[in-house]
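Visitor: dropping the sequence and predicted coords here.
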Amino acid sequence: MKQHTEKKKRSFFDRMLDSIEYAGNKLPDPIVLFFILCGITLLTSFIASLFHVSAIHPVTGEKVVVNNLLDSEGLVEILTKMVTNFSAFPPLGMVLVMMIGIGLAEQSGFFATLMKRAVMTTPKKVIIPTIILIAIVGNAAGDAGPVVLPPLAASVLMAFGYHPLVGLVVAYASTLGAFAANLIIGMSDTLVAGFTEPAAQTVNPEYTANPAMNYYFIAVSTIVLLFVSLWVTHKFTIPRFGTYTGDIEKMESITPEENRGLKWAGISALVFLIVILALIIPENGILRNPETGSIIDGSPFITGIVPLLTIFFFIPGLFYGIGSKSIKTSKDFGDMVGKAMSTMGPYIVLVFAAAQLLAFFASSNLGPIIAIKGANFLNNIGFTGVPLIVLFIIFVASVNLLIGSASAKWAILAPIFVPMFMYLDYHPAFTQAIYRVGDSITNPITPMLPYLVLLLSFAKKFDNKIGLGTLISALFPYTLFFGIFWIILVVIWYLLGIPVGPEGPIHL
C-alpha cells in the first residue's frame with residue numbers, strides 16, 4: 001500500500017523527466033552512434049542508388065545523383081581517403097590547439113581561483129548579477145563553469161543570507177542554459193565552426209568559417225540572458241527555497257600563493273593584450289587585412305583567432321601556475337598540459353567517426369540531395385522566415401534532451417541543415433547561431449549531461465531529502481524563459497538583418 005501511495009504522488013512532470021531519462025539512456029554512446037550512422041549511410045547509398053534517387057541543384061541546375069558507396073569504386077574511395085578524412089577535418093586541429101591554452105589555465109587552477117576572487121569581492125547588492133555574469137562568461141573555461149561555480153555560488157549566497165540552493169541553481173542554469181552566450185570567444189565557438197565549415201563546403205567548396213562569426217549575437221545574448229536569469233532568480237528561485245535553517249559554511253579564503261598567482265596572471269594577460277592592440281590599432285598593423293586595412297574582414301586577426309585565443313589563455317594560466325606554485329617544475333607543466341589533452345581522447349575518436357560520416361554524406365551525395373529536397377519542400381509550403389527559425393530552435397532543443405553533447409548533435413545535424421538553409425539563402429553563420437540557441441536552452445534540465453548528477457550531490461549537502469525531480473523543477477523556469485526571450489531576440493535580429501558576427505550575415 002505504501003508503494004502504491006508513493007507511486008501516485010509522482011507528478012506528470014516527474015514522469016515526463018523519467019521518460020526523457022529512460023529514452024536518453026537507451027541511446028548508444030555518441031561515438032557508437034556515429035559508427036552506426038556511418039553504416040546506415042553506406043546502406044542508404046546502396047538502396048537509394050537502386051531507385052536512382054536524384055535532385056536538381058538550385059544554383060547550377062545540374063542533376064545530383066546518389067553514388068553507391070558499396071560498389072567497387074566506393075569501397076576503394078572509403079579505404080584510400082579514411083586517414084585524410086580524419087587528419088584534414090577542421091575541428092580536430094582547431095579544438096586540440098585551443099585545448100592547450102584552456103587546458104593549462106584550468107589545470108593550473110587559474111580559472112577556479114579567478115571565479116572565487118570575483119564572487120568573494122562583490123558587494124551584496126550586485127552579488128547575484130555578478131554570479132550570473134561569471135557563470136555565462138565562465139562557459140569559456142570548460143568544465144570549471146558547471147563544476148566549480150555552483151558550489152562556490154552556494155557558499156557565497158549562503159554567507160549573504162540566501163538559501164545555498166539558490167546559488168547552486170542560478171549558477172548551474174546560467175552556465176549551461178546560456179551556453180552559447182559569451183563576451184569572449186571560447187572553445188565552443190571553435191568547435192561548432194569546425195563542423196559548420198565542411199557542411200557548408202558541400203554547397204560552396206570555397207567557404208571558410210571563423211570562430212568569431214557569431215560574436216555580435218552571442219555578446220548581446222549575454223546581456224539579455226543576464227537580465228532574464230536575474231528576473232527568474234528573484235521571481236521563482238529565491239521564493240521557492242525560502243530561508244535556510246541549516247549550518248552556514250565558511251567559504252575558504254584565497255591563499256597568499258593564489259593571490260600572487262592571480263597578480264602574475266593579470267600582468268601577463270595585460271601585456272599580451274597591449275601587444276595585440278599594438279598590432280591591430282595602427283593603420284599598417286600586421287594583423288589587419290593588408291589590402292583593405294580591415295580588422296575584421298579577411299584579416300590575420302580573424303583568420304588567426306584560434307592561436308591568438310590559445311595564447312591568451314595559455315599565458316595567464318602559465319604565470320598563475322608559477323606565481324601560485326602549482327607549477328614548480330617543467331614536469332608539473334608537462335603533466336598539466338598532458339592531463340588536459342588526455343581528456344580529449346573520446347573527442348578524437350568522435351571526430352574520426354564524424355569525419356567519415358561527413359565524407360560519406362558528401363561522396364554519396366545523400367547530404368546535398370536531402371538538403372535540396374528539404375529546402376524545396378519548405379519553399380513549396382511557404383515555411384521559411386520566422387516560423388522556420390522558431391521551429392528549428394525548438395527541434396534542436398528537443399534533441400538536446402536526448403543527446404547532450406553539442407559537438408555530437410551538430411556533427412549529425414550540420415551536414416543536413418547547413419546546406420538546406422543555404423539553399424534557402426541563409427548564411428551558415430546564421431544557421432549555426434540559431435542552432436546554438438536550441439542547443440543551450442534545455443541544457444539545465446537534460447539528464448544527459450553528467451553535471452546534473454554532480455549538482456544533485458552538491459544539493460544533498462544542504463538538503464539530504466532533495467531529489468532530481470525537485471532540482472530540475474527549480475531549473476525549469478530558466479529553460480522556459482531563456483527559450484522565450486532568446487527566440488524573441490533571434491526573431492528581432494533576423495527581422496533587422498543584423499550580421500550575427502564578423503563575416504556572419506543573415507543571408508548569403
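Guide: Structure received. Numbering: from 1, shown residues only.
Visitor: and the longest helix seen in the chain, what does it pack onto?
Guide: If each helix of the chain is counted by residues according to DSSP state H, the longest one is helix 468-496. Using 3 or more Cβ pairs under 8 Å, 6 or more residues apart in numbering; DSSP states H and E as the contact criterion, the elements in contact with helix 468-496 are helix 12-26, helix 164-177, helix 215-232, helix 385-400, helix 428-441, helix 451-459. (Glycine included, C-beta is placed from N, CA and C.)
Visitor: tell me, what residue is most central in the protein?
Guide: Within the chain, one residue has its C-alpha closest to the average C-alpha position: by Cα atoms, centre = their mean, that is Ser188, at 4.3 Å.
Visitor: ok, that one touching Gln432?
Guide: No: the pair Ser188 and Gln432 fails to qualify as a contact (Cβ atoms under 8 Å) at a distance of 11.0 Å.
Visitor: okay, Pro30: pLDDT?
Guide: pLDDT, the model's per-residue confidence, is 64 for Pro30.
Visitor: got it, and Phe333?
Guide: The model reports Phe333 with a pLDDT of 90.
Visitor: ok, Ala88 to Ala411 distance?
Guide: 16 Å (Cβ to Cβ, to the nearest Å).
Visitor: so, low pLDDT: which residues of the stretch 201-350 of the chain?
Guide: Of all residues in the stretch 201-350 of the chain, those with pLDDT under 70 make up the ranges 245-252, 296-298, 302.
Visitor: before we move on, back to that, with neighbour numbers in mind, choose between Ala88 and Ala411.
Guide: Here Ala88 and Ala411 are set side by side on neighbour count (other Cβ atoms under 10 Å), and the busier one is Ala411, at 28 against 13.
Visitor: can you give me the pLDDT of that one?
Guide: Per-residue confidence at Ala411 stands at 79 (pLDDT).
Visitor: quick check: closest non-adjacent residue to it.
Guide: On the basis of Cβ to Cβ, 6 or more residues apart in numbering, the spatially nearest residue to Ala411 that is not a chain neighbour turns out to be Ala354, at 4.0 Å.
Visitor: show me the contacts for Val491.
Guide: By Cβ atoms under 8 Å, 6 or more residues apart in numbering, the contact list for Val491 reads Val386, Ile389, Val390.
Visitor: tell me how many other residues surround the residue nearest to the second one when sequence neighbours are not counted.
Guide: By that I understand Ile389. The shortest distance from Ile389 to any residue other than its chain neighbours is 5.7 Å, reached at Ile434 (Cβ to Cβ, 6+ apart). As a burial measure, the neighbour count of Ile434 was computed by other Cβ under 10 Å and equals 27.
Visitor: run a quick neighbour tally on Thr255.
Guide: Once other Cβ under 10 Å is used to define contacts, Thr255 is seen to have 12 neighbours.
Visitor: go on, Val500?
Guide: Using other Cβ under 10 Å, the number of residues around Val500 comes to 26.
Visitor: quick one, what contacts it?
Guide: Under the criterion of Cβ under 8 Å, 6+ apart, the contact partners of Val500 comprise Met213, Asn214, Tyr216, Phe217, Ala429, Phe430, Ala433, Trp493, Ile506.
Visitor: pretty sure the fourth one sits against Trp493.
Guide: Yes: because the distance of 6.4 Å satisfies Cβ under 8 Å, Phe217 is recorded as touching Trp493.
Visitor: more neighbours: the two, which one.
Guide: Per other Cβ under 10 Å, whichever of Phe217 and Trp493 has more neighbours is Phe217, with 26 against 21.
Visitor: what sits against that one?
Guide: Contact partners of Phe217, counting by Cβ under 8 Å, 6+ apart, are Ala433, Trp493, Val500, Gly501, Gly504.
Visitor: mind checking how far the second one is from Gly266?
Guide: When you say that, I think you mean Trp493. Using Cβ to Cβ, one obtains 34 Å as the distance from Trp493 to Gly266.
Visitor: ok, now the third one?
Guide: Counting by Cβ to Cβ, the gap between Val500 and Gly266 amounts to 31 Å.
Visitor: by how many degrees do the host helix or strand of the residue nearest to the centre of the chain and helix 428-441 diverge?
Guide: Under the assignment given by DSSP states H and E, the secondary-structure element containing Ser188 is helix 187-201. When axes from the mean of the first three to the mean of the last three Cα atoms, to 10 degrees is applied, the directions of helix 187-201 and helix 428-441 differ by 130 degrees.
Visitor: how many neighbours does Leu191 have?
Guide: A count of neighbours around Leu191, defined by other Cβ under 10 Å, yields 21.
Visitor: pretty sure it is touching Val95, no?
Guide: Yes: under the criterion of Cβ under 8 Å, Leu191 lies in contact with Val95, with a separation of 5.5 Å.
Visitor: and the nearest residue to Trp231 once chain neighbours are set aside, how many neighbours?
Guide: With sequence-adjacent residues excluded and distances taken as Cβ to Cβ, 6+ apart, Trp231 is closest to Phe481, at 7.5 Å. Using other Cβ under 10 Å, Phe481 has 19 other residues around it.
Visitor: tell me the contacts of Phe481?
Guide: Contacts were defined as Cβ under 8 Å, 6+ apart; by that measure Phe481 touches Val228, Trp231, Val232.
Visitor: what's the closest non-adjacent residue to the first one?
Guide: The spatially closest residue to Val228, leaving aside those adjacent along the chain, is Phe485, at 4.9 Å (Cβ to Cβ, 6+ apart).
Visitor: how many neighbours does the one you found have?
Guide: Neighbourhood size, Phe485 [other Cβ under 10 Å]: 19.
Visitor: quick check on Asn289: phi, psi?
Guide: With angles defined as degrees, to the nearest 10, Asn289 shows backbone torsions of phi -60, psi 120.
Visitor: could you dump the helices and strands packed on helix 468-496 to a markdown table with distance to Thr329?
Guide: Output for these, formatted as a markdown table (distance: least, Cβ to Cβ, whole Å):
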| stretch | distance to Thr329 |
| --- | --- |
| helix 12-26 | 44 |
| helix 164-177 | 33 |
| helix 215-232 | 38 |
| helix 385-400 | 43 |
| helix 428-441 | 40 |
| helix 451-459 | 32 |
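Visitor: looking at these, which is buried most?
Guide: Comparing those by mean neighbour count (mean count of other Cβ atoms under 10 Å), helix 164-177 comes out on top with a mean of 29.
Visitor: packing partners of the strand or helix carrying the residue nearest to Ala411?
Guide: Per DSSP H and E: Ala354 is located in helix 345-364. Based on contacts counted as 3+ Cβ pairs under 8 Å, 6+ apart, the elements that helix 345-364 packs against are helix 30-50, helix 72-87, helix 90-107, helix 187-201, helix 366-380, helix 406-423.
Visitor: the ones you listed: lowest mean pLDDT?
Guide: Lowest mean pLDDT within these: helix 366-380, at a mean of 71.
Visitor: right, and Ala219 touches Leu183 too?
Guide: Yes: under the contact definition of Cβ under 8 Å, Ala219 touches Leu183, with a separation of 5.6 Å.
Visitor: name the residues of stretch 284-296 that are buried.
Guide: For stretch 284-296, a neighbour-count test (16 or more other Cβ atoms under 10 Å) marks Gly285, Leu287, Arg288, Asn289, Ile295, Ile296 as buried.
Visitor: go on, stretch 495-506?
Guide: Burial within stretch 495-506, assessed by neighbour count using 16+ other Cβ under 10 Å, is assigned to Pro499, Val500, Gly501, Pro502, Glu503, Gly504, Ile506.
Visitor: can you name the two of those residues that sit furthest apart?
Guide: Maximum pairwise distance in the buried residues of stretch 495-506, criterion Cβ to Cβ, is 13.8 Å, between Pro502 and Ile506.
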